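A.B. asks: Model the following, please.
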Amino acid sequence: MKRLSYDLVVVGGGPAGLGAALKAKEYGVGKILVCERGSKLGGILEQCIHNGFGLQYFKEELTGPEYAGRFAKKVLESDIDVKTDTMVLDITDDKKIIAQNAQDGLFEVETKACILAMGCRERTREAITIPGDRPSGVMTAGAAQRYVNVNGYLPGKEIVILGSGDIGLIMARRMTFEGANVKCVCEVEPFSSGLVRNKVQCLDDFGIPLYLSHTVTKIHGRQRLEGVSIARVDENKNPIPETEVYVPCDTLLLSVGLIPENELSKKAGVNLDRVTKGAVVNEKRQTNVEWIFSCGNVLQVHDLVDNVTEEAETAGKAAAEYIKGSLKKSGHPITVCAGENIGYVVPQTIDYADSDEKIVKLFMRVRKPDENVLMVVKDEKGNLIAKFKKDTIAPGSMVALSIPLIKLADAASSLRVSVERQEG
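C.D. replies: Below is the predicted model:
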């Protein structure tokens, strides 16, 4: 077996992996290897040809390939080593990465630190168990996006979309651009699960109906999809039989959630959060395995790639500090918990409250939409640490709260983030 040695190995060559590698290089890491299972760098952004990327990070509007290309170009022009078409198979306790590709065969990389940036995958029909036969024409929205944007192939002409996640909303518009008839988007929740701007720009602007509290109850057709049955659901998300209607279509696109690709993380002994399905990390994006860091969609599913890059740079800088031996915990760890109407909070712990950083950012998603609320952070004794006014909150939009570290100096050992109604 071929054996290599690097200071840092980054698993994943999408926006998270590229951002992390570049930041680690900026902070003095010598030998860095990026392993990407695809044939080129960029990850999922290579098929996201719509604009809207980079507004926060670059202060300009870019397409997905343009955004990814800026980071890929910097990596390829640096002395960071890249191995594409490379599958990482295992991460061992003694800081070794086992991988394979056609050129090197099975090989082993000894490293000082590792950053996990594997991204996520889509939930399929099998994950949500829709009754019916298995005809062609049923696929994830991301698969359809690749067919259209990369392969130049239109997968259908009469479309129903299940799920109002961002990929589903964007594909409703994209299929309309290509001449398909998008009959409706069904969402099992009583609210859209994507960004508000995507609902407006991709559905409202094109007159595509969004049926909230609806789901697909059956798939019809043997060889090719012929139609679907849709029905309203009750408060427990159970279909109401008398509301069921048949909708003829030749294609059903599924936008029913994303699953972080954490099989490697499990093998490495990394603790996972039961809600995010990503690693449990501190504010440096360091896992319970101290030499392993995690960032991007493998940690938590982001709605904006700009936030992915910010998180990746946090992990890259921290990995560099760990390699140099300058990453020292404060001795006063603080656990961060989700309170009223909060689905999850990342990071789950704050371990470096005496670092040179001035703030710590808490990222979270709410469980249900609301308006004119306060996002409140309190310690376990009920002391108010910080509060933030929000005009609107929604599950489809990640919320970021910046907490001054000075306010955590005397905080108790746990914090709770909650949504409260504004008085008056």
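A.B. asks: residues of the one helix or strand in the chain whose mean pLDDT sits lowest that come out buried?
C.D. replies: When each helix and strand of the chain is scored by mean pLDDT, DSSP states H and E, helix 125-128 comes last, with a mean of 87. For helix 125-128, the neighbour count (16 or more other C-beta atoms under 10 Å) marks Arg125 as buried. Using the backbone N, CA and C atoms, a C-beta is placed for each residue, glycine as well.
A.B. asks: Send me that helix as CSV with only the CA atoms.
C.D. replies: Taking C-alpha atoms only, helix 125-128 is exported to CSV below (Å, rounded to 0.1, in the frame of the first residue of the first chain):
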residue,chain,number,x,y,z
ARG,A,125,-38.6,8.1,-2.4
GLU,A,126,-37.5,5.1,-0.3
ALA,A,127,-36.9,7.4,2.7
ILE,A,128,-40.4,8.7,2.7
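A.B. asks: which element is Met175 on?
C.D. replies: Secondary structure from DSSP states H and E places Met175 in helix 166-177.
A.B. asks: so where do the helices sit in the stretch 51-200 of the chain?
C.D. replies: 64-77, 125-128, 141-149, 166-177, 196-202 (DSSP state H, counting those that start in this stretch).
A.B. asks: C-terminal to the longest helix seen in the chain, what's the next element?
C.D. replies: With DSSP state H setting the assignment, residue counts place helix 305-324 as the longest helix in the chain. As assigned by DSSP H and E, the chain's next helix or strand after helix 305-324 is strand 334-338.
A.B. asks: what angle sits between the next helix or strand after that next one and helix 305-324?
C.D. replies: Per DSSP H and E, the first helix or strand lying C-terminal to strand 334-338 is strand 342-346. Angle, strand 342-346 to helix 305-324, by axes from the mean of the first three to the mean of the last three C-alpha atoms, to 10 degrees: 40 degrees.
A.B. asks: Can you spell out the domain ranges of the protein, please?
C.D. replies: 2-121+259-327, 124-256, 337-421 (automatic domain parsing).
A.B. asks: among these, which is the most enclosed?
C.D. replies: Sort the domains of the chain by mean neighbour count, taking mean count of other C-beta atoms under 10 Å, and domain 2-121+259-327 sits at the top with a mean of 20.
A.B. asks: Let's have the helices of the stretch 51-200 of the chain in a markdown table, adding distance to Leu116.
C.D. replies: Putting those into a markdown table (distance: least, C-beta to C-beta, whole Å) gives the following:
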| stretch | distance to Leu116 |
| --- | --- |
| helix 64-77 | 17 |
| helix 125-128 | 22 |
| helix 141-149 | 21 |
| helix 166-177 | 22 |
| helix 196-202 | 28 |
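A.B. asks: hey, least reliable of those helices by pLDDT?
C.D. replies: Per-stretch mean pLDDT for the helices of the stretch 51-200 of the chain is lowest at helix 125-128 (a mean of 87).
A.B. asks: Walking through the stretch 1-150 of the chain, point out its strands one by one.
C.D. replies: Using DSSP state E, counting those that start in this stretch, the strands found in the stretch 1-150 of the chain span residues 2-5, 8-11, 32-35, 51-53, 62-63, 81-83, 87-91, 96-101, 105-110, 113-116, 120-122, 138-140.
A.B. asks: of all the ones you listed, which lies closest to Leu203?
C.D. replies: Judged by C-beta to C-beta, the one of those that comes nearest to Leu203 is strand 51-53, at 15.2 Å.
A.B. asks: on that earlier part again, check which helices and strands the helix holding Met175 is in contact with.
C.D. replies: Packing partners of helix 166-177 (3 or more C-beta pairs under 8 Å, 6 or more residues apart in numbering; DSSP states H and E): helix 141-149, strand 158-162, strand 181-187, helix 196-202, strand 251-254.
A.B. asks: Now distance to Leu22 too, for the strands of the stretch 1-150 of the chain, in JSON lines please.
C.D. replies: Formatted as JSON lines, the strands of the stretch 1-150 of the chain follow (distance: least, C-beta to C-beta, whole Å):
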{"stretch": "strand 2-5", "distance to Leu22": "21"}
{"stretch": "strand 8-11", "distance to Leu22": "10"}
{"stretch": "strand 32-35", "distance to Leu22": "9"}
{"stretch": "strand 51-53", "distance to Leu22": "17"}
{"stretch": "strand 62-63", "distance to Leu22": "17"}
{"stretch": "strand 81-83", "distance to Leu22": "12"}
{"stretch": "strand 87-91", "distance to Leu22": "20"}
{"stretch": "strand 96-101", "distance to Leu22": "20"}
{"stretch": "strand 105-110", "distance to Leu22": "19"}
{"stretch": "strand 113-116", "distance to Leu22": "12"}
{"stretch": "strand 120-122", "distance to Leu22": "22"}
{"stretch": "strand 138-140", "distance to Leu22": "30"}
